[in-house]
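Participant: Generate a structure from the sequence data that follows.
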Amino acid sequence: MRVKYNRVSTLQQSGDRFTVDQTDYDLVLFDKVSGSIPFKQREKGIELTNLIQKDKISELVVEEFSRLGRNTGDVIQTLEWLEENEVNVVVRNLGLQSRPNGKKNPIWKMISSVMSSLYEMELENIKERTMVGRQVYVQKGGKLGRPEGTSESMKRFMEKPKNKEIFKLLQRGLKYSEIQKVVGCSPKTIKKVKEQMKYEENNI
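Facilitator: Below is the predicted model of the structure:
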């Protein structure tokens, strides 16, 4: 079976750009989750893993290496696991395959390692630019966060995309430090979401 795997960040992107690919696949899987979440912990990543373990997938197609993850170590580990299961991985933006015609590509491991490292570096640069931008804003007299004297209902708070993401990650059992890294939020926000989760559980 030939499968296409697409992923976008829940908070930052839509999946419209994937519609450019008009190739006919046996199955198309679409995850809305941060690339910082390990591949095998994502909803569709789990589904894909189960299919591979049942030996039902011969080829996996992705737009670019970063769709598999933003962490070099996790991406490499995932690619090695796919190779062990003899799944041909096709990266569309590079026109690269791991097992063309069923044979190992001799330059695959080198290119995949380099590209994964570049994507991780790109993410760190974006985070750094965002942090510097906030610092400059504050230095010029700007204030971050909600204006003083304002309030919001818990329902509205929980409906925010970022807080929905925190909710899902808490359900998966991730630690505060892991959620902060993925979502980019404060421990206070995570605590507030967790308290609401407990409240809802006790009032079901």
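Participant: ok, then the element right after the one helix or strand in the chain whose mean pLDDT sits lowest?
Facilitator: Every helix and strand of the chain was ranked by mean pLDDT, DSSP states H and E. The lowest is helix 108-139, at a mean of 69. Using DSSP states H and E, the helix or strand that directly follows helix 108-139 along the chain is helix 154-158.
Participant: Give me the helices and strands touching that next one, please.
Facilitator: Packed against helix 154-158 by the contact rule (3 or more Cβ pairs under 8 Å, 6 or more residues apart in numbering; DSSP states H and E) you find helix 161-171, helix 187-202. Placement of C-beta: from N, CA and C, glycine included.
Participant: Report the buried residues of the first one.
Facilitator: When neighbours are counted by 16 or more other Cβ atoms under 10 Å, the buried residues of helix 161-171 are found to be 163, 165-167, 169-170.
Participant: Dump these to JSON lines, plus pLDDT and distance to residue 99.
Facilitator: JSON lines is the format used below for those (pLDDT from 0 to 100; distance: Cβ to Cβ, whole Å):
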{"residue": "163", "pLDDT": "89", "distance to residue 99": "42"}
{"residue": "165", "pLDDT": "89", "distance to residue 99": "35"}
{"residue": "166", "pLDDT": "91", "distance to residue 99": "39"}
{"residue": "167", "pLDDT": "89", "distance to residue 99": "39"}
{"residue": "169", "pLDDT": "89", "distance to residue 99": "34"}
{"residue": "170", "pLDDT": "89", "distance to residue 99": "39"}
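Participant: And the residues you listed, which is closest to residue 82?
Facilitator: Among these, residue 169 lies closest to residue 82 (Cβ to Cβ), at 25.1 Å.
Participant: got the contact list for that closest one?
Facilitator: Residue 169 sits next to 37, 178-179, 182-183 when contact means Cβ atoms under 8 Å, 6 or more residues apart in numbering.
Participant: taking the residues you listed one by one, which sit in helices?
Facilitator: Among these, the members found in helices (DSSP state H) are 178-179, 182-183.
Participant: Mind checking which of the residues you listed are buried?
Facilitator: 179, 182-183.
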